[in-house]
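Asks: coords below, sequence missing:
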């Protein structure tokens, strides 16, 4: 082989390097180029969504929590503040609801009718303030009768939708609402006749076909996204999603219900591409669905930029956060808990909240429209919307004034012959000065003023746990409390008239009350958690359960 000079070798080496570089560049050119700015791929997260939708399941007449402890979930004024604070973060907002909305129960006791209807009207007016767009009714909506439901619908400013229901003239089938630049199609379905309490003259049919018909009609009206409000329960809602893949989301509500027990929100899930959302009842939480529109007209397919598959992790974090918050709220009223421990748990909450927030920072798709979804707690740290708060205060004042007159003649039944009645703490003090001194330092001694300061002393939702002997023979009523204001001795020890008359011969009915007696008032949802045995120690002292 002929020898090759150094200059020739050098030239050949340069040519090989150039050829290799060309091949590498050609291969790289087939790939999606990386952005020069490492944050460019997530820049859309800083842009406001085209529309932000607040989603509510089973509000069910819950105007606000009772307020017995701090940091309770719920409250129309807190939700109003939360929604108002989000306004600058989105180009447009609206509220959608499914399930029982205006009333907590399916039937109204005669003596509570006026108060419950006034509360429902306050909820309707408050929801109008937050821009309620539409709702699918639960059985509870008919608790005040069809004419009252028509009024509530009007006062809310929203469309009542129940496409599969007959016998409900106030209800429509579906509607298009312009939420800023988004044309939003909304379908409502319900099953009030499937609830435990029968509803005469109102019937429903299987909802899936009506939803399908609604989708076709709304597409013709130019809807870019379609959401179903389904007051039919979660199982039926998932069946709707399974056969109607063009839906963007379904908001789940129940057919009807009753009672003040709180529920927890199940995780959001996807049935195909349909997002299934259900929030905790009584406005404890709201779903927040942000829609980013990048496409043109017609029904848009929104990509999931949330990562719904990570919902389980979010729910685990939320459960831990809720547990810590509940403990903190309880410990704040417990003098035996070191403040440093409370501060440490607050730091834990902040850390968990940051971890949960990080889960929501998924980069959006490079092209096409997309959505982000999150569940938000409704808490007092959101503040209070002044317009909503004014409506709530007006309601409490109205109820106070109304009930004071309406129940002016409602007096307690006298005790049966030979049975004791209630005498009040001042009579007890004649012989029991030391227990009285202990009681004076407890929150029980100021229970009634916490109501009167808020115009709630004649409110049927509140008064029973803030007075002594409520609705018992020889006791008190909503208007006749006299010497029985506050949580006095006889709440725990029983009516003491016979004992007071003959203390040497007649014993007090309950000499040694047990902690479980406290649970008649101190139970969820009025408190997060309640260790009755530990709490009883807080109302004891020298001469009252503790020897000097």
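Replies: Okay, I see it. From a predicted model like this one, the values you see are computed outputs, not experimental measurements.
Asks: Under the pLDDT cut-off, which ranges of the stretch 351-500 of the chain? List them.
Replies: 360-362 (pLDDT under 70).
Asks: which residues of it fall in strands?
Replies: Using DSSP state E, counting those that start in this stretch, the strands of the stretch 351-500 of the chain run over residues 370-377.
Asks: And the closest residue to residue 64 other than its chain neighbours, how far from residue 115?
Replies: With Cβ to Cβ, 6 or more residues apart in numbering as the criterion, residue 64 has its nearest non-adjacent residue at 4.1 Å, and that residue is residue 75. The C-beta positions use only the backbone N, C-alpha and C, and glycine is treated the same way. Separation of residue 75 from residue 115 (Cβ to Cβ, to the nearest Å): 18 Å.
Asks: Looking at those two, which one has more neighbours?
Replies: residue 75 (27 against 21; other Cβ atoms under 10 Å).
Asks: that older thread, which ones are touching the residue nearest to residue 64?
Replies: Counting by Cβ atoms under 8 Å, 6 or more residues apart in numbering, residue 75 makes contact with 63, 64, 65, 283, 378, 380, 384.
Asks: got it, and residue 498?
Replies: 419, 420, 506.
Asks: ok, residue 205 - how many residues close by?
Replies: Residue 205 has 14 nearby residues by other Cβ under 10 Å.
Asks: That one touches residue 164, doesn't it?
Replies: Yes: the criterion here is Cβ atoms under 8 Å, and residue 205 meets it with residue 164 at 5.1 Å.
Asks: Just confirm residue 288 contacts residue 56, I think it does.
Replies: No: the criterion here is Cβ under 8 Å, and residue 288 misses it with residue 56 at 10.9 Å.
Asks: Same drill for those two, tell me which one is more crowded.
Replies: residue 56 (29 against 21).
Asks: how deep is the residue lying closest to residue 421 once chain neighbours are set aside tucked in, by neighbour count?
Replies: Nearest residue to residue 421 in three dimensions, chain neighbours excluded: residue 474, at 2.3 Å (Cβ to Cβ, 6+ apart). When counting by other Cβ under 10 Å, one arrives at 19 neighbours for residue 474.
Asks: Next one: residue 474 from residue 510, what distance?
Replies: From residue 474 to residue 510 the distance is 16 Å (Cβ to Cβ).
Asks: Residue 517 too?
Replies: 8 Å.
Asks: Now do the shared contacts for the two.
Replies: With Cβ under 8 Å, 6+ apart as the test, residue 517 and residue 510 both reach residue 492.
Asks: ok, then the element right after the worst-scoring helix or strand of the chain on mean pLDDT?
Replies: In the chain, the helix or strand scored least confidently by mean pLDDT, DSSP states H and E is helix 6-29, which has a mean of 41. Using DSSP states H and E, the next helix or strand after helix 6-29 towards the C-terminus is strand 51-57.
Asks: Secondary structure class of residue 134, three-state.
Replies: Under the three-state scheme (DSSP: H, G, I helix; E, B strand; the rest coil), residue 134 adopts strand.
Asks: let me fix that: residue 228
Replies: Residue 228 is classified as strand under three-state DSSP.
Asks: okay but it is in contact with residue 189, surely?
Replies: Yes: under the criterion of Cβ under 8 Å, residue 228 makes contact with residue 189 at 6.7 Å.
Asks: Need the residues touching each of these two.
Replies: 211, 240.
Asks: Tell me which of these two has more neighbours.
Replies: More crowded of residue 228 and residue 189, by other Cβ under 10 Å: residue 228, with 34 against 31.
Asks: quick one: the more buried one from residue 339, how far?
Replies: Distance from residue 228 to residue 339, by Cβ to Cβ: 49 Å.
Asks: List the buried residues of stretch 476-486.
Replies: Buried positions in stretch 476-486, judged by neighbour count with 16 or more other Cβ atoms under 10 Å: 476, 477, 478, 479, 481, 484, 485, 486.
Asks: If we only consider those residues, which is nearest to residue 443?
Replies: residue 486 (9.5 Å; Cβ to Cβ).
Asks: State the distance from the closest one to residue 493.
Replies: Following Cβ to Cβ, the distance that separates residue 486 from residue 493 is 14 Å.
Asks: for residue 321, same thing?
Replies: Taken as Cβ to Cβ, the span from residue 321 to residue 493 is 40 Å.
Asks: Wait, a helix at residue 118?
Replies: Yes: under three-state DSSP, residue 118 falls within a helix.
Asks: That one touches residue 398, doesn't it?
Replies: Yes: contact criterion Cβ under 8 Å: residue 118 and residue 398 qualify, at 5.8 Å.
Asks: what sits against residue 470?
Replies: Contacts of residue 470 by Cβ under 8 Å, 6+ apart are 463, 464, 476, 477.
Asks: bridging residues for it?
Replies: residue 476 (DSSP bridges).
Asks: Give me the neighbour count for the nearest residue to residue 264 once chain neighbours are set aside.
Replies: In this structure, residue 264 finds its nearest non-sequential neighbour in residue 280, 5.7 Å apart by Cβ to Cβ, 6+ apart. For residue 280, the neighbour count with other Cβ under 10 Å is 22.
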